[in-house]
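J.: Next input, structure requested:
(chains A, B, C and D)
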Number of protein chains: 2
Amino acid sequence: MFFLKELPTQQMVEGYQQRYPATDLSAVGDALAMLRQASVMIRGLERYFKTHNTSQLRFLILIVIDREPESDGLTISEITDRLDVSHPVMTRTLQAMVSDELISIADHPDDRRAKLVRLSAHGKASLDALLPGYFALINEYMAASATPYG
Amino acid sequence: MFFLKELPTQQMVEGYQQRYPATDLSAVGDALAMLRQASVMIRGLERYFKTHNTSQLRFLILIVIDREPESDGLTISEITDRLDVSHPVMTRTLQAMVSDELISIADHPDDRRAKLVRLSAHGKASLDALLPGYFALINEYMAASATPYG
DNA sequence: ATGATAAATTTATCATGCTAAATAAATGGG
DNA sequence: CCCATTTATTTAGCATGATAAATTTATCAT
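T.: Take a look at the predicted model:
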């Protein structure tokens, strides 16, 4: 998360420029603006998920399972590979999602170390219920941030 | 933080489009790409701060105090207003920074509820030591993500 | 076969974000 | 002046991210 509410003024960045001449000023300004915009959006999305008693991570877990319909479930490691979180966080989150009956976790038929995670009907329904609001919210944020007049 | 490593393919987004026709597809694609880019950058920046025994929040606290040289310190609320974190997080972080002698916290002369936070010489030196690498890292990320050939 | 190494998952613990509520001081209307 | 409200900060406790290390099973070279 990036916390700075008011980005540095041009003047301030130029002050740093004098001290650190190798810096590409416009790149820094663009980067800070992007970090701020992304942070505001992520906050908005997390708020949306929270009002639906879920979280972005849970939502993305549902998505990555759902978007590979040809495979019969994914292992925990496969899900972790596709999402940039640590294994312990994945373990804990999946266990909570089993409690909430969004997914099922079964033994892997070919590898006794591994487990297969599958969407439940409730999980699939939950994903379908979340998607329209998710897309709508993203569209709102992008429309709000579009530069007027080009 | 946005965790999805591989963004949805065009095909997949179009699949959703059929189900949710009001969605602006290109805006969603742009948004997901931005969220991912920002997340990767924030991770890189946090890693940078961690190798210097600090964090992005501490760094930004130093910055917001430093960038108002005309005022003799800021109150805790003023710092919190400029950075988008909760008051309890600010309290805890400032206390740790006092322990590390990066800042000083003194009674406010005009308001006994409030406190004045000032940079110490060590805090100022620490900020100066962090800035070049910070700008360099941002430049790297922005250069890496610039679209080749336009 | 067996012993070393690698892979999948979990446990333990820490770090850092949050909200709700407590405390203390300032402010402002009667 | 005094009480109600507001403001500044802190305390308490929860949620969710991380890393390090443990456990179990698989793989592979001998």
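J.: What is the neighbour count of A:Ile63?
T.: 19 (other C-beta atoms under 10 Å in any protein chain shown). Just so you know, the C-beta spots here come from the backbone N, C-alpha and C atoms, and that holds for glycine as well.
J.: quick one: pLDDT of it?
T.: Looking at A:Ile63, its pLDDT stands at 96.
J.: for A:Asp72, same thing?
T.: Here, the pLDDT recorded for A:Asp72 equals 93.
J.: for chain A, which helix is longest?
T.: Criterion DSSP state H: the longest helix present in chain A is helix A:25-51.
J.: which parts of that one are buried?
T.: By neighbour count on 16 or more other C-beta atoms under 10 Å in any protein chain shown, the buried set for helix A:25-51 is A:27-29, A:31-32, A:34-42, A:45, A:48-49.
J.: How about stretch A:59-71?
T.: A:Phe59, A:Leu60, A:Ile61, A:Leu62, A:Ile63, A:Val64, A:Ile65.
J.: just stretch A:117-136 next, same as before
T.: Those would be A:Val117, A:Leu119, A:Gly123, A:Lys124, A:Ser126, A:Leu127, A:Leu130, A:Leu131, A:Tyr134, A:Phe135, for stretch A:117-136 by 16+ other C-beta under 10 Å.
J.: hang on, the earlier thing: now the angle from the longest helix of chain A to helix B:25-51?
T.: Relative orientation of helix A:25-51 with respect to helix B:25-51: 100 degrees, computed using axes from the mean of the first three to the mean of the last three C-alpha atoms, to 10 degrees.
J.: Could you check how far the helix or strand following helix A:25-51 is from the centre of its chain?
T.: Next helix or strand after helix A:25-51 toward the C-terminus (DSSP states H and E): helix A:56-66. Relative to the centre of its chain, helix A:56-66 is centred 9 Å away, using C-alpha atoms, centre = their mean, to the nearest Å.
J.: Could you check the angle helix A:56-66 makes with helix B:25-51?
T.: 120 degrees.
J.: Check whether helix A:56-66 comes near chain B.
T.: Yes: judged by C-beta under 8 Å from any C-beta of the partner chain, helix A:56-66 and chain B are in contact via A:Gln56, A:Leu57, A:Leu60, A:Ile63, A:Val64.
J.: what residue ranges in chain A score low on pLDDT?
T.: Along chain A, segments meeting pLDDT under 70 span A:8-17, A:20-23, A:146-150.
J.: can I assume A:His52 is in contact with A:Leu130?
T.: Yes: counting by C-beta atoms under 8 Å, A:His52 does reach A:Leu130; the two are 6.1 Å apart.
J.: Give me the residues contacting stretch A:76-83.
T.: Contact with stretch A:76-83 is made by A:57, A:60-61, A:64-65, A:74, A:86-87, A:90-91, A:94, A:105, A:114-115, A:117, B:3-6, as judged by C-beta atoms under 8 Å, 6 or more residues apart in numbering or on different chains.
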